[in-house]
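Participant: coords please:
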Amino acid sequence: MNNTTIQQLPKNITILGSTGSIGTQALEVVRDNPAIFKVSVLSALKNSELLIQQAKEFKPETVVICDETQYRYVKDALSSFDIQVLAGEAALTEVAAYPQSDIVLTALMGSVGLKPTIAAIKAGKNIALANKETLVVAGEYITELARQHQVKILPVDSEHSAIFQCLVGEEQNEIEKIYLTASGGPFLSKDKSFLASVKKEQALKHPNWVMGAKITIDSASLMNKGLEVIEAKWLFDLNVDQIDVIVHPQSIIHSIVQFTDGSMKAQMGVPDMKLPIQYALNYPDRLKNDFKRFNFLDYPTFSFQQADLDTFKNLDLAFQSLRKGGNMPCILNAANEVVVEAFLKDKIGFLQMSDVIEQCMEEISFIEKPQLTDYLETDKHSRILAGELVTKSKV
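Facilitator: Below is the predicted model:
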């Protein structure tokens, strides 16, 4: 595609979760490439100030503020602009299916991304997926739906983007194993006695990545890597024994694919989420940019170590849920969302998060072949039980 064609046909993008870490970085990519990308829809959970600021700059056709109490404020602030303002979670599902959008970036936090993603797929929209919980909660359903509607799911997570990039041109070759790399987070090599007393301020200090609070806590507990394991199973049609996690503190190798002949391919680069965002939004073409380049001399050594599944129990629980299948990953995800919120509010200890998740996995009814309604019910009941267990816990 030549530049003239690109300028005539900018790609219309819906960004669900535009005020979060992924959403704001996606808008940086759009800002740097105005001839290639145009914003059609922006949405925010409750950060109305930033949403208004973004709307005034990028002039989308529609904005959604999920917090309905802020609707009038956003509406009045944008009254002089030709921008439709909607409110409420149901509006996310509505705008995800808008015909003018070419691709939907789902950068929502948690399982709230499930329904809008389903609506976008049914409308035939390609998905740039930053909301891993959608595949964790209902991976089998979502991937089958995407196949039916001939929709591409383009991963935005750095690890899954890495695997996706390694597989380009390898469609006929069988994967033997993938290695998801993990930084180890702020508590790498710490033991349980140390983790028993850590506070949110410590857990929020990630050594390599700048992310939102929820995903940063998940990274500290290795739950984020566990969710990525589940996501990888569905994105790349793998079984659990084909997925491994290796700790790589430098976060330069973003993930590795090993083929059946033993050959391995890795995608590398400095930690910068704008690169996988840009790749997903403009797939299959790469865009020239001025992002920081990797210098081997800055990293004279790479190190690797095995993930500690005993100390960081969340990763083990994620593997267990994937082996069990059915609605078990949905239980894991819902309980985790509840305990992370509780930890951020100082209502539960760091290690207690895993205890609550495990108890939910033991007590919530297992469904081997769930339908969409089963996933939604499982999510609801898991949250209720997790909340009760948090209340009973003693920090």
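Participant: Near the nearest residue to K192 once chain neighbours are set aside, how many residues? Count them for me, please.
Facilitator: Distance criterion C-beta to C-beta, 6 or more residues apart in numbering; nearest residue to K192, sequence neighbours excluded, is T311 at 5.6 Å. C-beta coordinates here come from the backbone N, C-alpha and C atoms, glycine included. Neighbour count of T311, defined by other C-beta atoms under 10 Å: 18.
Participant: try G212
Facilitator: 16.
Participant: Read off the pLDDT value for it.
Facilitator: With respect to pLDDT, G212 has a value of 78.
Participant: cool, N327 as well?
Facilitator: You'll see N327 listed with a pLDDT of 97.
Participant: Over to the spatially closest residue to D272 that is not a sequence neighbour. Which of the three states is it?
Facilitator: Spatial nearest neighbour of D272, excluding adjacent residues (C-beta to C-beta, 6+ apart): F291 at 5.6 Å. State at F291, reduced to three classes by DSSP: H, G, I helix; E, B strand; the rest coil: coil.
Participant: Next one: F291 from V156, what distance?
Facilitator: Separation of F291 from V156 (C-beta to C-beta, to the nearest Å): 16 Å.
Participant: quick one, which of these two is more surrounded?
Facilitator: Between F291 and V156, counting by other C-beta under 10 Å, V156 is the more crowded of the two (26 against 13).
Participant: need the contact list for that one.
Facilitator: Contacts for V156 (C-beta atoms under 8 Å, 6 or more residues apart in numbering) come out as I22, L105, A107, A128, L129, A130, M273, P276, I277, A280.
Participant: how far away is it from A128?
Facilitator: Relative to A128, V156 is positioned 5 Å away (C-beta to C-beta).
Participant: What of C166?
Facilitator: From C166 to A128 the distance is 18 Å (C-beta to C-beta).
Participant: Same check on L27?
Facilitator: According to C-beta to C-beta, L27 stands 13 Å off from A128.
Participant: So which of those two has more stuff around it?
Facilitator: It is A128, of L27 and A128, that has more neighbours when counted by other C-beta under 10 Å, with 29 against 22.
Participant: Give the residue farthest from the middle of the chain.
Facilitator: The C-alpha centroid of the chain is most remote from S80, which lies 34.4 Å away (C-alpha atoms, centre = their mean).
Participant: Against E337, how distant is I65?
Facilitator: In terms of C-beta to C-beta, I65 sits 21 Å off from E337.
Participant: same deal with A386?
Facilitator: 8 Å.
Participant: When those two are compared, which one has more neighbours?
Facilitator: Higher neighbour count among A386 and E337: A386, with 26 against 21, using other C-beta under 10 Å.
Participant: I'd say that one and C360 touch.
Facilitator: Yes - if you go by C-beta atoms under 8 Å, A386 and C360 touch, sitting 5.4 Å apart.
Participant: For the two, list the residues in contact with both.
Facilitator: Counting by C-beta under 8 Å, 6+ apart, the residues touching both A386 and C360 are A334, A335.
Participant: Could you give the average pLDDT over the strand or helix carrying G139?
Facilitator: Under the criterion of DSSP states H and E, G139 resides in helix 133-148. Helix 133-148 shows a mean pLDDT of 95.
Participant: swap in stretch 255-262?
Facilitator: In this model, stretch 255-262 has an average pLDDT of 98.
Participant: What residues of it count as buried?
Facilitator: Buried residues in stretch 255-262, defined by neighbour count with 16 or more other C-beta atoms under 10 Å: S255, I256, V257, Q258, F259.
Participant: Give me the phi and psi for the last one.
Facilitator: When you say that, I think you mean F259. phi -100, psi 170 (degrees, to the nearest 10).
Participant: residues near the closest residue to Q150 other than its chain neighbours, how many?
Facilitator: Leaving aside its sequence neighbours, Q150 sits nearest to G124 (C-beta to C-beta, 6+ apart; 7.5 Å). Using other C-beta under 10 Å, G124 has 11 other residues around it.
Participant: hang on, isn't F164 packed against L154?
Facilitator: Yes - with contacts counted by C-beta under 8 Å, F164 reaches L154, the gap being 7.2 Å.
Participant: Could you list the low-confidence segments of the chain?
Facilitator: For the chain, the stretches with pLDDT under 70 are 1-8, 209-210, 395.
Participant: can you give me the strands in the stretch 151-300 of the chain?
Facilitator: Using DSSP state E, counting those that start in this stretch, the strands of the stretch 151-300 of the chain run over 153-155, 175-182, 243-247, 253-259, 264-268.
Participant: wait, which of those strands is closest to L188?
Facilitator: The closest of the strands of the stretch 151-300 of the chain to L188 is strand 243-247. By C-beta to C-beta, the value is 6.9 Å.
Participant: what's the closest one packed up against?
Facilitator: In terms of contacts (3 or more C-beta pairs under 8 Å, 6 or more residues apart in numbering; DSSP states H and E), strand 243-247 is packed against strand 175-182, helix 223-235, strand 305-306.
Participant: Need phi/psi at the residue nearest to E68 when sequence neighbours are not counted.
Facilitator: Take E68 and drop its neighbours on the chain: the residue closest to it by C-beta to C-beta, 6+ apart is A87, 4.5 Å away. The phi/psi pair for A87 (degrees, to the nearest 10) reads phi -140, psi 150.
Participant: ok, which stretches of the stretch 1-150 of the chain are helices?
Facilitator: Remark: helices assigned in the stretch 1-150 of the chain by DSSP state H, counting those that start in this stretch are 3-8, 21-32, 48-58, 71-77, 89-96, 114-122, 133-148.
Participant: Ranking those helices by mean neighbour count, which comes first?
Facilitator: The highest average neighbour count among the helices of the stretch 1-150 of the chain, using mean count of other C-beta atoms under 10 Å, belongs to helix 114-122 at a mean of 23.
Participant: If you count contacts, what does it end up packed against?
Facilitator: helix 89-96, strand 103-106, strand 126-129, helix 133-148.
Participant: can we see that at 6 Å?
Facilitator: The helices and strands touching helix 114-122, judged by 3 or more C-beta pairs under 6 Å, 6 or more residues apart in numbering; DSSP states H and E, are helix 89-96, helix 133-148.
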